[in-house]
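Enquirer: Provide a 3D model corresponding to the input given below.
(one chain, ligands or ions: 2)
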Amino acid sequence: MPTIAFAHLKGGTGKTTSCINIAGCLVAKGFKVLAVDLDPQSSLTSGLGVDPATVQFGMGDVLLKKKEMREIVLETLTPHLHLAPAGLELGEIRAFPLLPSTLRSALLMIKGEYDYIVIDTPPADTGLIKNGITAADGVYLVLDTGIFAVEALMNVKRLFSLEQNTQFKGVILTKCELTLFGTPTHYVKDLQEAIEHGSNKPVFYVPFSKEILASQLQGLPLSTSAPSSKAAHAYEIITEQILQEVPHASS
Ligand SMILES: Nc1ncnc2c1ncn2[C@@H]1O[C@H](COP(=O)(O)OP(=O)(O)OP(=O)(O)O)[C@@H](O)[C@H]1O
Ligand SMILES: [Mg+2]
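Expert: Ligands and ions are numbered 1, 2, ... in the order given. All right, here's what the predicted structure looks like:
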């Protein structure tokens, strides 16, 4: 099953938001999608409308081999978008050694049940990030336009050997302010070009959008809650590229 992971070492860059909205775009295209929450913060879980406190079995149980994927998967408010949630159990995983291929093996058990799998990874926990990357056919690095996130890009690529790795498909720049005091700024365009030049991969941008917060409060992707917003359109463009880079067998 084509599998996409969203990653970066820096926190708060827009990984979960990208994962939710690209999942929504894939569903809008008619695909059946499983979203996997690998972050003990459980933001993907709550962003898809499931209260993490109500999660009985989650990804922590799968990674510790107490449960199989099929036993933990939940439906979400969006038809055809299922969730492998993270509850409190995932926070305890740090105490256990984790092989990087654990998630990949677990996903084999549900082979063919979904058209696409999207994986949200946490900032900083390299064991969980490695599991997400090892399970993925395509990895997108998600950064905001702040200098710390941009600087951390080199570290991420080095730490996970993404330079020589064909899984690394592109960069998503989020929360982009395209104007400053009402005046268009070239900052995002310049940054986009500089990263594209440095990494030889396409760099996509998602504008700063007030609809994102509203959609997350509703537990819905933008494709359902605000399909005509600029951010929804930006995620549609990224999804088009994903469909080319990590195609489904039917295409
Ligand atoms: N394009 C955007 N416009 C406005 N707000 C955004 C946008 N993208 C993300 N946000 C907001 O930025 C915050 C961080 O986003 P998100 O949780 O997706 O980042 P993250 O990289 O997953 O964070 P963490 O590293 O903690 O997992 C959230 O409050 C989210 O609603
Ligand atoms: Mg997150």
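
Enquirer: can you list the residues of the stretch 1-150 of the chain near ligand 2?
Expert: 15, 16, 43 (C-beta under 5 Å from the ion). C-beta coordinates here come from the backbone N, C-alpha and C atoms, glycine included.

Enquirer: ok, residues contacting the worst-scoring helix or strand of the chain on mean pLDDT?
Expert: Least confident helix or strand, the chain: strand 183-184 with a mean of 73, by mean pLDDT, DSSP states H and E. Residues outside strand 183-184 that contact it (C-beta atoms under 8 Å, 6 or more residues apart in numbering): residue 178.

Enquirer: centre of the chain versus that strand, how much separation?
Expert: 30 Å (C-alpha atoms, centre = their mean, to the nearest Å).

Enquirer: please name the strands paired to it in the sheet, noting orientation.
Expert: Strand 183-184 has its sheet partners listed here by DSSP bridges as strand 179-180 (antiparallel).

Enquirer: who's in contact with the partner strand?
Expert: Contacts of strand 179-180 (C-beta under 8 Å, 6+ apart): 185, 187.

Enquirer: in the stretch 151-251 of the chain, which spans are helices?
Expert: Assigned by DSSP state H, counting those that start in this stretch, the helices in the stretch 151-251 of the chain fall at 187-199, 210-218, 222-225, 230-245.

Enquirer: touching ligand 1 at all, the last one?
Expert: Yes: using C-beta under 6 Å from any ligand atom, we find that helix 230-245 touches ligand 1 at residue 231.

Enquirer: and the residue in the chain that ligand 2 sits nearest to, what element?
Expert: Proximity of the chain to ligand 2 (C-beta to the ion) peaks at residue 16, 3.3 Å away. Following DSSP states H and E, one finds residue 16 within helix 15-28.

Enquirer: what's the following helix or strand after that helix?
Expert: Sequence-wise, the next helix or strand downstream of helix 15-28 (DSSP H and E) is strand 33-37.

Enquirer: can you tell me what sits against stretch 95-106?
Expert: With contact meaning C-beta under 8 Å, 6+ apart, stretch 95-106 is reached by 36, 38, 62-65, 68-69, 119, 127-128, 130-135.

Enquirer: do the same with stretch 39-49
Expert: When contacts are defined by C-beta under 8 Å, 6+ apart, stretch 39-49 is touched by residues 16-17, 19-20, 35-37, 52, 55, 58, 60, 76-78, 81, 83, 85-87, 90-91, 93, 120-122, 125, 128, 216, 218-220.

Enquirer: swap the cut-off to 7 Å and go again
Expert: Here stretch 39-49 makes contact (C-beta atoms under 7 Å, 6 or more residues apart in numbering) with 16, 19-20, 35, 37, 52, 55, 76-77, 83, 85-87, 90-91, 120-122, 216, 219-220.

Enquirer: first to last residue in that stretch, what's the distance?
Expert: The straight-line separation of the ends of stretch 39-49 (C-alpha to C-alpha, to the nearest Å) is 16 Å.
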